[in-house]
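Participant: Dropping a prediction and its sequence here:
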Amino acid sequence: LFSTSGNNNICNQLGVIGGGKMAEALINALNIKGVQLPDRIKVFDVNVDRLNHLKSKYNVETSSSIQDLLDESDVVILAVKPQHVQIVSKSVTKQPKGLLLSIVAGYTINQLELAFNTKNIVRSMPNTPAMVLEGMTVWLATKSTPPDMVSKAKQLLGSIGEEIEVSDEGYLDMATAVSGSGPAYVFLTMEAMTDAAVHLGFPREIAEKLVLTTIRGSATYALQSPQSISDLRYNVTSPGGTTASALYQLERGGFRTNVADAIWAAYRRALELGNQNPNVGPGRNKFNDNS
């Protein structure tokens, strides 16, 4: 599991606060790409079992002190749940040495600046397909972050898949609702299609194979085709055919509206996590908090 394909580290010392799934995805990607050697990665987590797992699987170093990690690291990835950021910040007694790269959903740059007493911040929103190097990350650096730190962040985030740098922090909360939570929408669709296929009479292992391969192939086709997604759908929808009948039922059940409402709900929750006004979207009046 330990890669030796590269000998150039992105940074001299990478710190990671939080040893959850997204942190592991990043560590795994860096290991596979060989762009940050395990002995140059140090992880802090209150869960000793997670630390032992990461050390055993990836050969990374571990730390028992958040402040030591901040003092030693050129880049520190903040990978904890939003409700734990304030607890982490209480362990910070002086300004971090390098860049703070946050993957915390909803937590704004202003909140991070206040919590960690630094202006060198990159806020990002990756997603779980990063586990297989197919992630999609939207990110933003503060204007005061030095170019070399921005470059390091871009390399780190690019190691787990595609990355898009934006200039407006508002896009981060939007990305949380679309690509950040998006895999769950896709998995739920997979689950529903698989259960329906089993209901039809397929054995579950065949049903799962049909559904997973169809969704993977459709996504690859859409990425590689010059046609729009709508045109690709038209191409498979013959007049009066089986697909037309299925799509009629989906539209009759409010499929598009349900998807849109789900994304708006996720967006509002992201705004709430950042202490912003969530009273936005269809049927909402942003000037009336009680509506």
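Facilitator: Everything's here; your move.
Participant: Identify the residues contacting stretch 130-141?
Facilitator: Residues outside stretch 130-141 that contact it (Cβ atoms under 8 Å, 6 or more residues apart in numbering) are 21-22, 24-26, 28-29, 32, 109, 121-129, 149-150, 153-154, 157, 159-169, 171-172, 175, 179, 182. Just so you know, the C-beta spots here come from the backbone N, C-alpha and C atoms, and that holds for glycine as well.
Participant: Which among the residues you listed count as buried?
Facilitator: 22, 24-26, 28-29, 32, 109, 121-129, 149-150, 153-154, 157, 159-161, 163, 165, 171-172, 175, 179, 182 (16 or more other Cβ atoms under 10 Å).
Participant: Quick check: strands, which of the contacts of stretch 130-141 are part of them?
Facilitator: Under the assignment DSSP state E, the contacts of stretch 130-141 contribute Ile121, Val122, Arg123, Ser124, Met125, Gly161, Glu162, Glu163, Ile164, Glu165 to strands.
Participant: what mean pLDDT does the helix or strand containing Thr243 have?
Facilitator: Using DSSP states H and E, Thr243 falls within helix 242-252. The average pLDDT for helix 242-252 rounds to 96.
Participant: Can I get it in PDB? Just the C-alpha atoms.
Facilitator: C-alpha atoms of helix 242-252 as PDB (Å, rounded to 0.1, in the frame of the first residue of the first chain):
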ATOM      1  CA  THR A 242     -40.600   1.700 -23.100                       C
ATOM      2  CA  THR A 243     -38.300   4.600 -22.100                       C
ATOM      3  CA  ALA A 244     -41.000   7.200 -23.000                       C
ATOM      4  CA  SER A 245     -43.400   5.400 -20.700                       C
ATOM      5  CA  ALA A 246     -40.900   5.300 -17.900                       C
ATOM      6  CA  LEU A 247     -40.000   8.900 -18.200                       C
ATOM      7  CA  TYR A 248     -43.700   9.900 -18.300                       C
ATOM      8  CA  GLN A 249     -44.100   8.200 -14.900                       C
ATOM      9  CA  LEU A 250     -41.000  10.000 -13.500                       C
ATOM     10  CA  GLU A 251     -42.200  13.400 -14.700                       C
ATOM     11  CA  ARG A 252     -45.700  12.600 -13.400                       C
END
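Participant: continuing past that helix, what's the next helix or strand?
Facilitator: helix 255-273.
Participant: chain center to that following helix, what's the gap?
Facilitator: Computed by Cα atoms, centre = their mean, to the nearest Å, the chain-centroid distance of helix 255-273 equals 16 Å.
Participant: I'd like the C-alpha coordinates of that helix written as CSV, please.
Facilitator: Extracted as CSV, the C-alpha positions of helix 255-273 are listed here (Å, rounded to 0.1, in the frame of the first residue of the first chain):
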residue,chain,number,x,y,z
PHE,A,255,-39.0,13.8,-10.5
ARG,A,256,-37.3,17.1,-11.6
THR,A,257,-39.0,19.1,-8.8
ASN,A,258,-38.0,16.6,-6.2
VAL,A,259,-34.4,16.6,-7.3
ALA,A,260,-34.4,20.4,-7.3
ASP,A,261,-36.1,20.6,-3.9
ALA,A,262,-33.5,18.2,-2.5
ILE,A,263,-30.6,20.3,-3.8
TRP,A,264,-32.2,23.5,-2.4
ALA,A,265,-32.7,21.8,1.0
ALA,A,266,-29.0,20.8,1.0
TYR,A,267,-28.0,24.3,0.1
ARG,A,268,-30.1,25.9,2.8
ARG,A,269,-28.5,23.5,5.4
ALA,A,270,-25.0,24.5,4.2
LEU,A,271,-25.9,28.1,4.7
GLU,A,272,-27.2,27.3,8.2
LEU,A,273,-23.9,25.6,9.1
